[in-house]
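*Asks:* okay, structure incoming, though there's no sequence with it:
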């Protein structure tokens, strides 16, 4: 095991990188708004940032498995710094205006998103060599909570504030956080290069297919990835219409939506922090099953109430469950996948989650339009309960 100091450096790099991501994700749409009022073009920035996961997410795992993962993470951060420097220079010199400016912002969003497919996949493989196996849940919980804090709680409002001070400031700060994160990653012990006998000779597509075939044959991981997809689908379905639910069902003003999102984020942080204790008491199978059942309970509270307090409780419970699920499912993938395939297993899980979440959002909108705003919330409950039964039967206390 590497020293605790190495884990602290990984944690610090994770905090800085995700803080920068949150700042950038809030500032890019604001920058487009200064160039155009077209809502489609403004929304397109988010699509441009997420599209690489759909196009290249699976292949990212094969890339990660064939290179030194520490150097890959640092290299991707440096490339993203270059993209941000180009954007800052264009904005500072008034080159990023009108149609040209929108295209430039899209390219930066897409490039940073492409970098995230590699960085996030590689970063998820860095933890196991740095901590004892018994500490994986606790260490993952801290890292995932750091991601939530940076991406959801601190980064976006800070990005909006910095943008109000100066248009280039959030992107300059994002570049600075990435630079420090890259230095911290490079300071980690040299434990992440593939062994000489593990170096790949096949092309990326063949290696990706080989990883997927291995995953399809591994019962526990196959089930885990599938359950994660269902969980993401049901979550995406109701979250897509939450803003309308808050206004039309709970009859709250606009700030009420923000407050409820804050309650949900707090629930996720509590779940991430408590996941290790849940696993110690109940084991991974019961923890996964309990998280799904608790998520169903949270959606029931949301779906059957018109009261803001009960809805807030539902969001708190559901987000707590999602936090526990994220930590336990990530740890199980790290334990069950061999090191030479870990990148591909991580990439497959993340890609399934992204696609399922997007499909869930689309389905939620269609269901709400036909059956009402409560329907996407309530329709996910039976699926979650069925998944809870599968999870309870499909996992035990074995780590390998």
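*Replies:* Looks like it arrived, so ask away. All of these numbers come straight from a predicted model, not from anything done at the bench.

*Asks:* what is the helix or strand hosting residue 11 packed up against?
*Replies:* Assigned by DSSP states H and E, residue 11 belongs to helix 4-33. On a contact count with 3 or more C-beta pairs under 8 Å, 6 or more residues apart in numbering; DSSP states H and E, helix 4-33 meets helix 39-66, helix 69-92, helix 98-123, helix 136-148, helix 155-165, helix 169-186. All C-beta spots, glycine's among them, are computed from the backbone N, C-alpha and C.

*Asks:* that helix vs helix 39-66, what angle?
*Replies:* 150 degrees (axes from the mean of the first three to the mean of the last three C-alpha atoms, to 10 degrees).

*Asks:* quick one, phi/psi of the residue in the chain sticking out farthest from the centre?
*Replies:* Going by C-alpha atoms, centre = their mean, the residue of the chain most distant from its centre is residue 93, 34.0 Å out. Main-chain dihedrals, residue 93, degrees, to the nearest 10: phi -100, psi 10.

*Asks:* got the helices and strands packed on helix 4-33 as JSON lines, with mean pLDDT, mean neighbour count and distance to residue 374 columns?
*Replies:* Converted to JSON lines, the helices and strands packed on helix 4-33 look like this (pLDDT from 0 to 100; neighbours: other C-beta atoms under 10 Å; distance: least, C-beta to C-beta, whole Å):
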{"stretch": "helix 39-66", "mean pLDDT": "84", "mean neighbour count": "20", "distance to residue 374": "25"}
{"stretch": "helix 69-92", "mean pLDDT": "92", "mean neighbour count": "20", "distance to residue 374": "41"}
{"stretch": "helix 98-123", "mean pLDDT": "86", "mean neighbour count": "21", "distance to residue 374": "33"}
{"stretch": "helix 136-148", "mean pLDDT": "90", "mean neighbour count": "22", "distance to residue 374": "27"}
{"stretch": "helix 155-165", "mean pLDDT": "88", "mean neighbour count": "18", "distance to residue 374": "28"}
{"stretch": "helix 169-186", "mean pLDDT": "95", "mean neighbour count": "22", "distance to residue 374": "38"}
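
*Asks:* so which of those comes closest to residue 221?
*Replies:* Smallest distance to residue 221 across the helices and strands packed on helix 4-33 (C-beta to C-beta): 13.0 Å, for helix 39-66.

*Asks:* that closest one packs against which elements?
*Replies:* Against helix 39-66 (3+ C-beta pairs under 8 Å, 6+ apart) you get helix 4-33, helix 98-123, helix 204-217, helix 342-371.

*Asks:* out of those, nearest to residue 247?
*Replies:* helix 342-371 (12.7 Å).

*Asks:* now that closest one: buried residues?
*Replies:* 342-358, 360-361, 363-364, 367-368 (16 or more other C-beta atoms under 10 Å).

*Asks:* pLDDT on that helix, on average?
*Replies:* Mean pLDDT, computed over helix 342-371, is 88.

*Asks:* again, but for stretch 387-399
*Replies:* Per-residue scores along stretch 387-399 average to 73.

*Asks:* then stretch 215-232?
*Replies:* The predicted confidence, averaged over stretch 215-232, sits at 93.

*Asks:* which residue ranges make up the domains of the protein?
*Replies:* 4-198, 205-394 (automatic domain parsing).
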